[in-house]
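Asker: The sequence and its predicted three-dimensional model are supplied below.
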Amino acid sequence: MDSVSDLAFFGLLAKNGSLSAAAQELDVTPPAVSRRLTALENRLGIRLLNRTTRRISLTYEGELYLEEGRRILDDLEELEQRVSIGHSVPQGLLRVNATFGFGREYVTPIVADFLETHPGVEVQSRLTDRPINLAEEGFDVCIRFGNIPDARIVARKLATNRRYLCASPDYLKKNGIPQVPGDLQHHKCIVIHQTNASFGTWHLNNGTHDETIKVRGAVVTNDGEAAVMMALRGFGILERSEWHVAPYIRSGQLQLLLPDWELPAADIYVVYPVKKNLSAKVRTFVDYLAERIANYEVVTDGVRNKW
């Protein structure tokens, strides 16, 4: 095996996290993967992985080999694309990540339409309950919400996306409508538990004053779709992104609460690694995605119809 294929093999092995998973993706037996790994370690004269019966972990040398190897493979891919005749034509494998709800509702249909018009592209799509590490997981494009603190990636804003407080008319008829943020502490609230730092704590601002409210209720979930369903059934007040609840607010199934107060924005971004020359597949998909998302934006009665 040559050095380039060894780099690609080791990257795949690290991504899968086990010899058996890597073997399944390569369509070979686990012993064949183990023999190739041993041959690679013998050639380099170092140990790249710590092995257990179920999992593998990188040694320090393995982490270095993986990080630098990915850079070399990326540079090689860019070089080949720059000198190839088909560099201007999107082609090859495009790896896309998005969160479950937004990915199912919006990203997947856009990806499907993109594939229909770009037959030379193949897509590996992974939907997750939270953003992944773009570089470590080897993805080309991720769709993320909120601030993007990582300077190692490029972030292109796709849309403004506010967070709303809302509840069903039945719930509000039985329990009253909160008039100020402090009233939320006396209501049943539906809490989405995704990060410990923000669990059950809602932050509001009216332009001159900040309020931090600790809420609780009968429903706690880690899934946004489940939270919306519970709100529609009248189990409490929900904090949720505009893209998800705006259609229900327009239809009257949910009622917007505390409209003079704002919650932290969850603007939508497409992010991708910093590279001197983006591949045609990434560049074209990012432009296509941005155009499609922009076409959703319409405003009716103070609530955008974009979603």
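Answerer: Perfect, thanks for sending it. Numbering: from 1, shown residues only.
Asker: Only C-alpha atoms from now on, for both contacts and neighbour counts.
Answerer: OK.
Asker: where do the helices sit along the stretch 101-250 of the chain?
Answerer: Secondary structure of the stretch 101-250 of the chain (DSSP state H, counting those that start in this stretch): helices at 108-117, 134-137, 169-175, 224-232, 242-251.
Asker: Now mean neighbour count too, for the ones you listed, in TSV please.
Answerer: Formatted as TSV, the helices of the stretch 101-250 of the chain follow (neighbours: other CA atoms under 10 Å):
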stretch	mean neighbour count
helix 108-117	14
helix 134-137	15
helix 169-175	15
helix 224-232	19
helix 242-251	19
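Asker: tell me the contacts of the closest residue to T160 other than its chain neighbours?
Answerer: In this structure, T160 finds its nearest non-sequential neighbour in D267, 4.7 Å apart by CA to CA, 6 or more residues apart in numbering. Shown in contact with D267 (CA atoms under 8 Å, 6 or more residues apart in numbering): 145-147, 157-162.
Asker: Could you tell me the least trusted of the helices of the stretch 101-250 of the chain?
Answerer: Sorting those by mean pLDDT places helix 134-137 lowest, at a mean of 75.
Asker: Now do the SS call for the residue nearest the centre of the chain.
Answerer: For the chain, the residue sitting closest to the mean C-alpha position, by CA atoms, centre = their mean, is A98 at 3.4 Å. Here A98 is recorded as strand under DSSP: H, G, I helix; E, B strand; the rest coil.
Asker: Next one: it relative to A39, how far apart?
Answerer: Relative to A39, A98 is positioned 37 Å away (CA to CA, to the nearest Å).
Asker: count of neighbours near A23?
Answerer: 19 (other CA atoms under 10 Å).
Asker: nope, T284 is what I was after
Answerer: Residues near T284, counting by other CA under 10 Å: 16.
Asker: ok, it touching P90?
Answerer: Yes - using CA atoms under 8 Å, T284 makes contact with P90 at a distance of 6.9 Å.
Asker: Over to T38. Which of the three states is it?
Answerer: helix.
Asker: Which other helices and strands does the host helix or strand of L64 contact?
Answerer: Assigned by DSSP states H and E, L64 falls within helix 60-83. Helix 60-83 sits against helix 3-16, with contacts defined as 3 or more CA pairs under 8 Å, 6 or more residues apart in numbering; DSSP states H and E.
Asker: Fine by me, thanks again.
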